[in-house]
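Novice: I would like to see how this sequence folds:
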Amino acid sequence: MDNNLEGIRYKPVKFALISLSLIFFLYQIIGGGIIALLFGVSPRADQTNIFRFATLTGQFLFILIPAYFLSKLQTKDWKKLLKIKRTEFYYIGLSIIGVIALEQLLEIYLYFQDMIPLPVNIRQIVDALQQTIDQTYKILIHAGSLQEFLLVLLIVAVTPAICEEFLFRGLVLGNFEQSMSKRKAIFWTGLIFGFYHVNPFSLVALVVLGIYLSYLASETGSILVPITAHFTNNFISALIYFVSGKDSLIDSSEGQKINNIYIIVLAVMLTTIFIWTLKRIRERRLDTNQEDEI
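Specialist: As a prediction, this is how the structure comes out:
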């Protein structure tokens with residue numbers, strides 16, 4: 001996949017890191033500060049929808065729009081930088097299968113992570129912090145009707161999938177690909193994606209997801225593929241909560257015990273499916289490149 005851009009104005013890695021710092025300041029500090037002033041630590045029940053729309057507006061205003069203008073500032077070939085191009089449904093389908101398998105693998109990981117023993121005083125601090133994060137997330141994701149669930153999807157699935165992908169898999173990955181190897185660009189973009197969410201409890205899972213989404217963007221050359229996978233990941237989480245009222249199907253907080261043999265077999269099956277999708281995507285890309293050269 002040819003990722004070389006013409007007319008790069010600034011050093012790509014430095015430009016990407018400065019752009020990230022600027023957008024982090026705009027979204028987390030300015031946007032987060034405004035929301036904190038309006039709603040406090042936690043919004044009241046009658047403020048839920050306003051809080052949701054404030055969150056949605058913040059992502060478009062402080063993530064997507066700056067990413068767009070910064071891309072145009074960096075190069076005249078900004079559409080290629082952001083990977084704005086059509087793609088095959090084959091890639092879309094494989095990305096969906098892959099992210100479903102990966103999401104369940106990460107749920108298994110988080111299940112065991114929650115079981116790690118900690119000293120009582122540290123556990124109390126960790127539980128309090130996690131409860132605060134979970135409470136805010138549940139305000140966004142809770143839906144009492146199908147109509148409200150569709151609104152939730154717009155807030156937690158559609159909007160992040162578009163805004164975050166144009167930032168990370170477009171602006172950041174596109175710049176990294178100009179100065180480092182493909183593998184390094186994918187890894188560093190995924191790592192930054194994980195830390196950018198400021199959620200220590202899901203850090204590893206977010207980094208792994210970020211690397212996968214970066215792989216999809218780099219291999220297919222189309223932002224549509226990671227957007228679809230990102231949406232699917234968030235959609236499944238929202239759907240599980242809407243149907244069951246739980247954050248995931250595997251919940252260690254309720255003392256749920258899982259048969260070791262069952263979880264090992266499940267993990268092996270999911271890993272096999274996930275690796276299969278990665279190979280199929282790469283093979284299809286190589287075949288497509290060979291056809292283009294003929």
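
Novice: local confidence estimate at the closest residue to S202 other than its chain neighbours?
Specialist: Closest residue in space to S202, ignoring its immediate chain neighbours: L110 at 7.1 Å, by CB to CB, 6 or more residues apart in numbering. All C-beta spots, glycine's among them, are computed from the backbone N, C-alpha and C. Note for L110: predicted pLDDT of 88.

Novice: tell me the SS of L110?
Specialist: Three-state call for L110 (DSSP: H, G, I helix; E, B strand; the rest coil): helix.

Novice: surely it meets S248?
Specialist: Yes. With contact defined as CB atoms under 8 Å, L110 reaches S248; the gap is 7.3 Å.

Novice: this protein: helices as residue ranges?
Specialist: With DSSP state H as the criterion, the chain has helices at 12-24, 32-39, 48-59, 65-74, 78-81, 89-113, 120-141, 146-153, 159-165, 173-176, 182-196, 203-220, 224-244, 260-293.

Novice: and those helices as a markdown table, adding mean neighbour count and distance to N4?
Specialist: Formatted as a markdown table, those follow (neighbours: other CB atoms under 10 Å; distance: least, CB to CB, whole Å):
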| stretch | mean neighbour count | distance to N4 |
| --- | --- | --- |
| helix 12-24 | 18 | 11 |
| helix 32-39 | 13 | 37 |
| helix 48-59 | 17 | 30 |
| helix 65-74 | 18 | 14 |
| helix 78-81 | 19 | 9 |
| helix 89-113 | 19 | 21 |
| helix 120-141 | 13 | 40 |
| helix 146-153 | 15 | 37 |
| helix 159-165 | 23 | 21 |
| helix 173-176 | 29 | 11 |
| helix 182-196 | 19 | 12 |
| helix 203-220 | 23 | 13 |
| helix 224-244 | 20 | 20 |
| helix 260-293 | 13 | 14 |
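
Novice: indicate which one of those helices is closest to L5.
Specialist: helix 78-81 (5.8 Å; CB to CB).

Novice: hey, which helix or strand in the chain has the poorest pLDDT?
Specialist: helix 120-141 (a mean of 76; mean pLDDT, DSSP states H and E).

Novice: orientation of it relative to helix 146-153 in degrees?
Specialist: 120 degrees (axes from the mean of the first three to the mean of the last three CA atoms, to 10 degrees).

Novice: so which residues make contact with helix 120-141?
Specialist: 41-43, 48, 51-52, 55, 118, 152, 155-156, 199-201, 237-238, 241-242, 247 (CB atoms under 8 Å, 6 or more residues apart in numbering).

Novice: for stretch 247-255, what is the average pLDDT?
Specialist: Computed over stretch 247-255, the average pLDDT equals 60.

Novice: where are the low-confidence patches of the stretch 101-250 of the chain?
Specialist: 249-250 (pLDDT under 70).

Novice: K246 contacts A238, correct?
Specialist: No. Shown here, K246 and A238 do not form a contact pair, counting by CB under 8 Å, at 11.9 Å.
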